[in-house]
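Enquirer: Starting from these lines, generate the structure:
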Amino acid sequence: MKRDFLKIYVDSQPLSQQAVDALRRYHEAVAAELPAEEVERLRGEAEALFQAVSDYQMRAMGVPSPTLQ
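Expert: Residues are numbered from 1 along each chain as shown. Next up is the predicted model:
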């Protein structure tokens, strides 16, 4: 089965943008010296979103993600 890699990439763009925005918020929080709890929350959010992008792309290409059970 031929997979359309460009379609997979395009389909993942909204989630990818959310991940990039979350990473930006994390870096802004670090620069603003926000409380450690808030910085850690933002880091976790960015990490989870990037993992979700990776999981989606891997599953769409037919590769099982090691993070999914």
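Enquirer: A19 is in contact with L49, isn't it?
Expert: Yes - with contacts counted by C-beta atoms under 8 Å, A19 reaches L49, the gap being 3.7 Å. For every residue, glycine as well, the C-beta is placed using N, CA and C.
Enquirer: what residue ranges in this structure score low on pLDDT?
Expert: 1-3, 65-69 (pLDDT under 70).
Enquirer: residue boundaries of the strands in the protein?
Expert: In the chain, no strands are defined using DSSP state E.
Enquirer: Distance check, V30 against L6.
Expert: According to C-beta to C-beta, to the nearest Å, V30 stands 34 Å off from L6.
Enquirer: Kindly report the same for Q17.
Expert: From Q17 to L6 the distance is 17 Å (C-beta to C-beta).
Enquirer: Same drill for these two, tell me which one is more crowded.
Expert: Q17 (12 against 8; other C-beta atoms under 10 Å).
Enquirer: In the chain, spot the helix with the most residues.
Expert: If you go by DSSP state H, the chain has its longest helix at helix 36-60.
Enquirer: Ignoring the adjacent residues along the chain, who's closest to the residue nearest the centre of the chain?
Expert: Note on the chain: the residue nearest the mean C-alpha position is F50, at 1.7 Å, using C-alpha atoms, centre = their mean. In space, and not counting its chain neighbours, F50 is closest to A19: 4.6 Å by C-beta to C-beta, 6 or more residues apart in numbering.
Enquirer: so who does R43 touch?
Expert: By C-beta atoms under 8 Å, 6 or more residues apart in numbering, the contact set of R43 is Y26.
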